[in-house]
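Peer 1: Sharing a model prediction with you, sequence too.
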Amino acid sequence: MSSSLDKLKALTSRLEEKLEQKEEPSIPDSDEVTESKKIPALKPVEKATIHKASVSSEQVREENIARVETLYKKLKIFEKSPDFANIFVYKAMNLSGIGLKEEDFGEVREGKYIQIIAITYEADKNGKKKAKNISLGYFGKAESLDVVLKNEIIEFVLRWRYEKAFQNVEHYKDLIARVEIPSDTLF
């Protein structure tokens, strides 16, 4: 749980740094120009939407869910998962063909196919839980992927994970509330 939140915070920090760098005029060297042609930059996120002290976590969550639903429709995820509320039943969500790790974030893997993969656990014939991958969206070969579409695919997966993190936090708050807590603890 905290790992997902840490990754989201790291991503937010990286996006802010990139925005600050874009505001400072600089002359790129030839390697930077070549690299930027290969991997288009992600659409910048405004700082104000990330760090508004006056915005409650509930408002952030509501805005996030609204954006997830918009992307759900735009990316036609409803074709594979018709009920929007059920997309949060999946245990995890990942991408094939696009990097989401720190070192390859947003990079498309040439020769690969782009898919949004949901992961669920189902019991096999012996009752043992097994991971099952479900394709929620297929977007073709990496080389032919439109930059705007790539950004929306990444945003959908990240925002889905963000909402899942909120759900996990709620779950643990509920569990803690069920435990008898001494009065001298912080929460």
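Peer 2: Ah, there it is.

Peer 1: after the strand ranked longest in the chain comes which helix or strand?
Peer 2: For the chain, the strand that runs over the most residues, judged by DSSP state E, is strand 129-141. With elements assigned by DSSP states H and E, the helix or strand that comes after strand 129-141 is helix 147-178.

Peer 1: Just the mean pLDDT for that next one, thanks.
Peer 2: Taken as a whole, helix 147-178 carries a mean pLDDT of 87.

Peer 1: Could you do stretch 120-127 as well?
Peer 2: For stretch 120-127, mean pLDDT rounds to 85.

Peer 1: Pull the residues that contact that stretch.
Peer 2: Contact partners of stretch 120-127, identified using Cβ atoms under 8 Å, 6 or more residues apart in numbering, comprise 89, 90, 91, 129, 130, 131, 132, 134. Every C-beta, even on glycine, is put in place using the N, C-alpha and C of the backbone.

Peer 1: Show me what counts as buried in stretch 151-160.
Peer 2: By 16 or more other Cβ atoms under 10 Å, the buried positions in stretch 151-160 come out as 152, 153, 154, 155, 156, 157, 158, 159, 160.

Peer 1: which one is the fifth one nearest to, not counting chain neighbours?
Peer 2: With Cβ to Cβ, 6 or more residues apart in numbering as the criterion, residue 156 has its nearest non-adjacent residue at 4.1 Å, and that residue is residue 71.

Peer 1: before we move on, back to that, list buried residues within the contacts of stretch 120-127.
Peer 2: Neighbour-count burial (16+ other Cβ under 10 Å) is assigned, among the contacts of stretch 120-127, to residue 90.

Peer 1: Helix or strand with the lowest mean pLDDT in the protein?
Peer 2: The weakest-scoring helix or strand in the chain, judged by mean pLDDT, DSSP states H and E, is helix 30-38 (a mean of 40).

Peer 1: And the pLDDT at residue 143?
Peer 2: As predicted, residue 143 sits at a pLDDT of 84.

Peer 1: Check the secondary structure at the residue nearest to it when sequence neighbours are not counted for me.
Peer 2: Nearest non-adjacent residue to residue 143, counting by Cβ to Cβ, 6+ apart: residue 110, 5.8 Å away. Assigned by DSSP: H, G, I helix; E, B strand; the rest coil, the conformation of residue 110 is coil.

Peer 1: can you check the one 10 residues further on too?
Peer 2: When the structure is reduced to helix, strand and coil (three-state DSSP), residue 120 reads as strand.

Peer 1: And the one 5 residues further on, by the same measure?
Peer 2: For residue 125, the secondary structure call by three-state DSSP comes out as coil.

Peer 1: Counting neighbours, what do you get for residue 162?
Peer 2: Neighbours of residue 162 under the rule other Cβ atoms under 10 Å: 19.
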